[in-house]
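In: Just need the structure, nothing else, for what follows:
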Amino acid sequence: MQKPNQRLTEQTAIVTGSSNGIGSAIAKAIGQEGANVVINYHSDKESAEETAHWITERTNCGNAIVVQCDVGKEDEVSKLFKTTIREFGTVDISVGNAGVQKDKALIEMTLADWQQVIDINLTGQFLVAKAAINEFLRRGMREDVSNSLGKIIHISSVHEIIPWAGHANYASSKGGLAMLMQSICQEYAPKKIRCNSIAPGAIKTDINKDVWNTKEGREKMLKLIPYGKIGEPEDIGSVASWLASDESEYVNGTTIFVDGGMTCYPGFTQDG
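Out: Next up is the predicted model:
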C-alpha cells in the first residue's frame, strides 16, 4: 500500500464491488488518503465489513460504511447513493469496480450468461456513473476540497482492447466500457467532471487463483507479461487514489493500463 498523504480529506467515495480483491484494495487506498468510503457488496457482507473495519481502524480522517447493492438494478443504485448522501452529505468520487465473469465458448454461451455479464459490467457502470453525475451537478463545486466537480473511475480490463476467446461477453462488456467512459468525458468535461478508466492486467485475486497459485499456471501467465511479475490488488489501489486526487486533474477521458506491459503483445517479441 502506498504511503498516504491525505489527498482526499473531506471527500466521499463510493467503491462498488469492494468487499474483496481489487475493489477492497481501492477502497483502502482511498480511505488512507482521508476520504469517507462506502463499501458496496452484492453477497459477501462479512468481507465488506472487514474492509470497512480496516479503513476505520487504520486511517486518520475517513470513515467507512457498508451498503448492499446489485449495481445492475437502477432502484438499488439509487438507494446506494441516497444512503451515501444521507450519511456523508454528498459523493465526490465514484469508482465502478463491480464485475463478473461467466466464461464459455460462444456457441455454448446462453443468453442468460451474456446478459448477466453485460448487466453488471456495463449497464451497472452506466447506472452508477449516471447517479454520480446527477449528484455532482446537484451539489455544485466544492473548491475547498477539489478542483473537479466530481471524479468517476471505471475499473475496466486489458480486454477492452485484447480479444479473449471463450470470454466474448466479458471482453464485449469491457470494450463497451471504454466508449462509455470516453463519451462521459466528452459530454461532461466542460462541467469539470473527470471520467477515466483503469485497465488491470493479470492481478492476483480469487477469480484467477487457480491459475497463479500453481507453478505451471504462473509460468503460463508470466509469458503474457513482459515485466515478469503478476500484479497485486494494491497496484490498482495506488493508481485509483491518484486518479481521484487533484494531482491528476488534467487526466480525463483515458484508460490507464496497469498490466506490466501485457498490452504490448509479448507474443510478437520474436517477430510473432
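In: Of all the residues in the top helix by length along the chain, which ones are buried?
Out: If you go by DSSP state H, the chain has its longest helix at helix 168-188. Across helix 168-188, burial judged by 16 or more other C-beta atoms under 10 Å covers 168-178, 180-182, 184-185, 188. In this view, the C-beta of every residue, glycine as well, is placed from N, C-alpha and C.
In: again with stretch 136-146
Out: Neighbour-count burial for stretch 136-146 flags 136, 142, 145-146 (criterion: 16+ other C-beta under 10 Å).
In: Columns distance to residue 99, pLDDT and secondary structure on top of those, output as a markdown table?
Out: Converted to a markdown table, the buried residues of stretch 136-146 look like this (distance: C-beta to C-beta, whole Å; pLDDT from 0 to 100; DSSP: H, G, I helix; E, B strand; the rest coil):
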| residue | distance to residue 99 | pLDDT | secondary structure |
| --- | --- | --- | --- |
| 136 | 23 | 98 | helix |
| 142 | 30 | 97 | coil |
| 145 | 29 | 96 | coil |
| 146 | 27 | 98 | coil |
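In: Tell me the one of those residues nearest residue 121?
Out: residue 136 (22.9 Å; C-beta to C-beta).
In: you'd agree that closest one is up against residue 193?
Out: Yes - using C-beta atoms under 8 Å, residue 136 makes contact with residue 193 at a distance of 5.8 Å.
In: So for those two, which residues contact both of them?
Out: Common contacts of residue 136 and residue 193, defined by C-beta atoms under 8 Å, 6 or more residues apart in numbering, comprise 149-150.
In: Residue ranges in the stretch 51-200 of the chain under the pLDDT threshold?
Out: Along the stretch 51-200 of the chain, the model assigns pLDDT under 70 to residues 59-61.
In: Could you double-check that residue 210 sits in contact with residue 216?
Out: No - look at residue 210 against residue 216 with C-beta under 8 Å: they stay out of range, at 11.0 Å.
In: So what's the residue count around residue 265?
Out: Residue 265 has 12 neighbouring residues, counting by other C-beta atoms under 10 Å.
In: what ranges do the helices span in the chain?
Out: 21-32, 45-58, 74-88, 111-118, 124-139, 168-188, 209-212, 215-222, 233-243.
In: Before we move on, what's the pLDDT of the residue nearest to residue 240 when sequence neighbours are not counted?
Out: In this structure, residue 240 finds its nearest non-sequential neighbour in residue 26, 4.5 Å apart by C-beta to C-beta, 6 or more residues apart in numbering. In this prediction, residue 26 carries a pLDDT score of 98.
In: try residue 6
Out: Model confidence at residue 6 (pLDDT) stands at 89.
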